[in-house]
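Q: Provided below for reference: sequence and predicted model.
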Amino acid sequence: MTRSLDAELVLDAHARVGEGPVWDDANGTLVWVDIMGRAVHRYDPVRNDDRAIDVGQPVGAAVLRSNGNGLVLALRDGFGMLDERSGAVELVAPVEADVPTNRMNDGKCDPAGRFWAGTMATDELTRGAGALYRLDPDLQVRRMVDGITLSNGLDWSLDGREMYYIDSPTHGLDVFDFHLQDGSLGARRRLISIPRDEGLPDGMTVDAEGGLWVALHGSGTIRRYLADGTVDCIVHVPPPMVTCCAFGGPDLTDLYITTMREGLSAEASRAQPLAGALFVCRPGVRGRPPYRFAA
């Protein structure tokens, strides 16, 4: 039987495109980004305090570093380093400098500490314009998958032998054979197909039991899929344009959910006053600590 849960408002952030939540267990805060707001946020749930740093350009994702020194970003122009104390941003690895109509989008670190993030056309319409990239700890960039339209959620299986990946317009979740030692990809296959009337697959996370939580953009839901494609749980979120989710909290039992308001008409904005807010749900399963960039 599929469980049905409701998410609760955490922060009425009015983000243009909230995305990429990641829990920093070192200090009990949630890092998340507002892509088109050009901001990296840190939310402290104990103090109910949210602080933002303007990084000067669209930012698709932020990941923690193993040395605890700042964050690594997937920026419009490539991979960058953020010093949170000064707010300084350094572009360390340009990506697609010859394609000014593209920008980087969602990203995450693999179990070995390599940062994966993909690109997409800014107009979101140009099919096959993007690619999936890997930033290694030595700051070398490798182009791993071509022909991507809207690179989005990704994560890894519990044993690290598979990488889950979403190219949103394909309306499904694919899985690659993954070689942890060298970060190479093997065969790609469709794992879950998602009907168009159930929403557009966006960001995702894997819990400690191997369940796949996928944000279905336009539906106002996060769905937990089992490996056989069965929907085990549906989390309902007030605004339809959900974007991503990640587990956090002291015991990794809080599922944080980001949303967006970009592109809403004045009428739709009035009908969806919480679009762009941050939400939370406690679904009864734990997440996994996030993987950190190994440098």
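A: Structure's in. What do you need?
Q: and stretch 23-42, how far apart are its ends?
A: One end of stretch 23-42 to the other measures 10 Å (C-alpha to C-alpha, to the nearest Å).
Q: right, I mislabeled it, should have said stretch 40-58
A: Termini of stretch 40-58 sit 10 Å apart (C-alpha to C-alpha).
Q: neighbouring contacts of the helix or strand containing residue 50?
A: According to DSSP states H and E, residue 50 maps onto strand 49-54. For strand 49-54, the external contacting residues (C-beta atoms under 8 Å, 6 or more residues apart in numbering) are 11, 13, 34, 37-44, 82, 84, 87. C-beta here means a position set from N, CA and C on the backbone, and glycine is covered the same way.
Q: Among those, name the buried ones.
A: Buried members of these, counted by 16 or more other C-beta atoms under 10 Å: 11, 13, 34, 37, 38, 39, 40, 41, 42, 43, 82.
Q: just checking, the last one touches residue 75?
A: No. Between residue 82 and residue 75 there is no contact, the gap being 9.3 Å when judged by C-beta atoms under 8 Å.
Q: Quick check: neighbours shared by these two?
A: 55, 89.
Q: quick one on the thing from earlier: what is the nearest of the buried ones among the contacts of strand 49-54 to residue 121?
A: Within the buried ones among the contacts of strand 49-54, distances to residue 121 taken as C-beta to C-beta reach their minimum at residue 38, with 18.5 Å.
Q: which residues does that closest one contact?
A: Contacts of residue 38 by C-beta under 8 Å, 6+ apart are 54, 55, 56, 57, 58, 59.
Q: what does residue 234 give?
A: Contacts of residue 234 (C-beta under 8 Å, 6+ apart): 2, 3, 4, 5, 221, 222, 223, 224.
Q: residue contacts, the last one?
A: If I follow you right, that is residue 224. 207, 211, 212, 213, 231, 232, 233, 234, 235, 283.
Q: cool, and the first one?
A: By C-beta under 8 Å, 6+ apart, the residues touching residue 2 are 231, 232, 233, 234.
Q: Which two of the buried ones among the contacts of strand 49-54 have the greatest separation?
A: 11 and 82 (20.5 Å).
Q: Tell me how far residue 271 lies from residue 239.
A: 9 Å (C-beta to C-beta, to the nearest Å).
Q: ok, now residue 149?
A: Plainly put, residue 149 is 24 Å away from residue 239 if you go by C-beta to C-beta.
Q: ok so, going back, what's the most distant pair in the contacts of residue 2?
A: The largest separation in the contacts of residue 2, counting by C-beta to C-beta, is between 232 and 234 at 8.7 Å.
Q: Overlap of the contact sets of these two?
A: Joint contacts of residue 232 and residue 234 (C-beta under 8 Å, 6+ apart) are 2, 3, 224.
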